[in-house]
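K.L.:
Show me the folded form of this:
(one chain, ligands or ions: 1)
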Amino acid sequence: MEQPKVNPDLQDQLKKLQEKYAVMGQDLSSYLDGLLYSDYLTYWDYIHLDTLLSLQNPKTSFPDEQIFIIYHQITELYFRLIILELEQITSKESPEEKFFNERLSRINRYFRHLENSFDIMVRGMEREQFLKFRMSLLPASGFQSAQYRIIEFYATDYINLVAEKDRSTTSDQADVDQVLQRLYWRSGATELATGKKTLTLQQFEKKYLDEFRKLATTLSSKNLYQLYKKYFFGNQTIINSLREFDTLANVLWPLAHMKSAAHYLEKDPEDIKATGGTNWQKYLPPRFQRIIFYPELWAEQEKAEWGKAAFIRS
Ligand code: HEM
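P.N.:
Now for the predicted structure:
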């Protein structure tokens, strides 16, 4: 009986596969058996859909708490996307302009999505429900987002993350420990009435400070600001992208976020004190924080007015 002919393309593929496995000392035939028995990949398995949808565990039965949880998770996933780009950029020996700028554009796109979608928080939950379920979540807070801080360490020299009041007295040569003591966010999440650190802040420092110290040290010579100065100094395309990143990360997202605090939380300082509330009104506004990743890329006037208006919209 005549044997059916094997398609030459298939023969060629088999030969290549055989060579691939032979290099590793592996037997192709066994792997083909594996292919025969394994199930087809499905969408739901590939993205772990069931696991993903099982990751919301509200602490109360208010329906809007799910929105609060899911939007935080969405934001953390976007932060993850941003960090993946930052890892790609900083792991290159010497990044090329096209690569650097394309990755930076991705980051800016992610941040723009985050800024635009914040209305899900500001207008998407019933205030009465929020005020109740938030009491079951204390002292947890988005303030404890480590990825948010990690993005900052990738973005700039750690000296640029020092609190505004300490900036003039912190030398450019200050070591990482001195600077970590004075990071701007270490004066956030403090009790308005007493000025003491909240448990929110204490727990965050305890869990992450060591990790932050290592990261800040590793990135001191290859954060985005250093890479710009080393490889792209004066390059207008890169300057525009970095300025956009600076604006999104330090003005536009913080303003979108702050709107939710203003919408939901007590605004009268006396009432805040009485309920053990934090200094968020003094801490959150970008015009008070004045964190600028790339100070040399802004004119004096723009820096003086930082946080009052957004300069870049592309
Ligand atoms: C109704 C929604 C929200 C309210 C009322 C709110 C409120 C606050 C407040 C008051 C603070 C200052 C820290 C404190 O005093 O406790 C804060 C910080 C913070 N929150 Fe939110 N937040 C909301 C949603 C979110 C979401 C969805 C995220 C996403 C991860 C987030 C991430 C952060 C971050 C990263 C900080 C630190 C900001 C900084 O250090 O400048 N927040 N939030």
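K.L.:
Quick check: what element follows the helix-or-strand element of the chain with minimal mean pLDDT along the chain?
P.N.:
Every helix and strand of the chain was ranked by mean pLDDT, DSSP states H and E. The lowest is helix 269-274, at a mean of 86. As assigned by DSSP states H and E, the chain's next helix or strand after helix 269-274 is helix 280-283.
K.L.:
distance between that following helix and the chain's centre?
P.N.:
Helix 280-283 sits 21 Å away from the centroid of its parent chain (C-alpha atoms, centre = their mean, to the nearest Å).
K.L.:
and if you look at stretch 71-88?
P.N.:
Stretch 71-88 has its C-alpha centroid displaced from the chain centroid by 5 Å (C-alpha atoms, centre = their mean).
K.L.:
Could you list the buried residues of it?
P.N.:
Along stretch 71-88, these residues count as buried under the neighbour rule (16 or more other C-beta atoms under 10 Å): Tyr71, Thr75, Tyr78, Phe79, Ile82, Glu85, Leu86. No exception for glycine: its C-beta is placed from N, CA and C like everyone else's.
K.L.:
contacts for the least confident helix or strand of the chain?
P.N.:
Contact with helix 269-274 is made by Leu192, Ala193, Leu265, Glu266, Gly277, Thr278, Gln281, as judged by C-beta atoms under 8 Å, 6 or more residues apart in numbering.
K.L.:
give me the number of residues near Val162?
P.N.:
23 (other C-beta atoms under 10 Å).
K.L.:
Could you do Glu96 as well?
P.N.:
Neighbours of Glu96 under the rule other C-beta under 10 Å: 11.
K.L.:
Spit out the contact partners of it.
P.N.:
Contacts for Glu96 were tallied using C-beta under 8 Å, 6+ apart; there are none.
K.L.:
among the contacts of helix 269-274, which two are most distant?
P.N.:
Maximum pairwise distance in those, criterion C-beta to C-beta, is 15.2 Å, between Ala193 and Leu265.
K.L.:
Residue of the stretch 51-200 of the chain nearest the ligand, please.
P.N.:
Residue nearest to the ligand within the stretch 51-200 of the chain: Gly142 (2.5 Å; C-beta to the nearest ligand atom).
K.L.:
and the stretch 151-300 of the chain, which of its residues are near the ligand?
P.N.:
Neighbours of the ligand within the stretch 151-300 of the chain, by C-beta under 6 Å from any ligand atom: 185, 188-189, 200, 254, 257, 260-261, 264-265, 278, 280, 283-284.
K.L.:
how about the residues you listed in JSON lines, adding pLDDT, neighbour count and distance to Ser171?
P.N.:
Output for those, formatted as JSON lines (pLDDT from 0 to 100; neighbours: other C-beta atoms under 10 Å; distance: C-beta to C-beta, whole Å):
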{"residue": "Trp185", "pLDDT": "97", "neighbour count": "18", "distance to Ser171": "21"}
{"residue": "Gly188", "pLDDT": "95", "neighbour count": "22", "distance to Ser171": "24"}
{"residue": "Ala189", "pLDDT": "95", "neighbour count": "21", "distance to Ser171": "27"}
{"residue": "Thr200", "pLDDT": "96", "neighbour count": "19", "distance to Ser171": "30"}
{"residue": "Pro254", "pLDDT": "97", "neighbour count": "19", "distance to Ser171": "27"}
{"residue": "His257", "pLDDT": "97", "neighbour count": "19", "distance to Ser171": "32"}
{"residue": "Ser260", "pLDDT": "95", "neighbour count": "20", "distance to Ser171": "37"}
{"residue": "Ala261", "pLDDT": "94", "neighbour count": "18", "distance to Ser171": "34"}
{"residue": "Tyr264", "pLDDT": "95", "neighbour count": "14", "distance to Ser171": "40"}
{"residue": "Leu265", "pLDDT": "92", "neighbour count": "18", "distance to Ser171": "37"}
{"residue": "Thr278", "pLDDT": "93", "neighbour count": "22", "distance to Ser171": "30"}
{"residue": "Trp280", "pLDDT": "95", "neighbour count": "20", "distance to Ser171": "30"}
{"residue": "Tyr283", "pLDDT": "95", "neighbour count": "19", "distance to Ser171": "25"}
{"residue": "Leu284", "pLDDT": "96", "neighbour count": "18", "distance to Ser171": "28"}
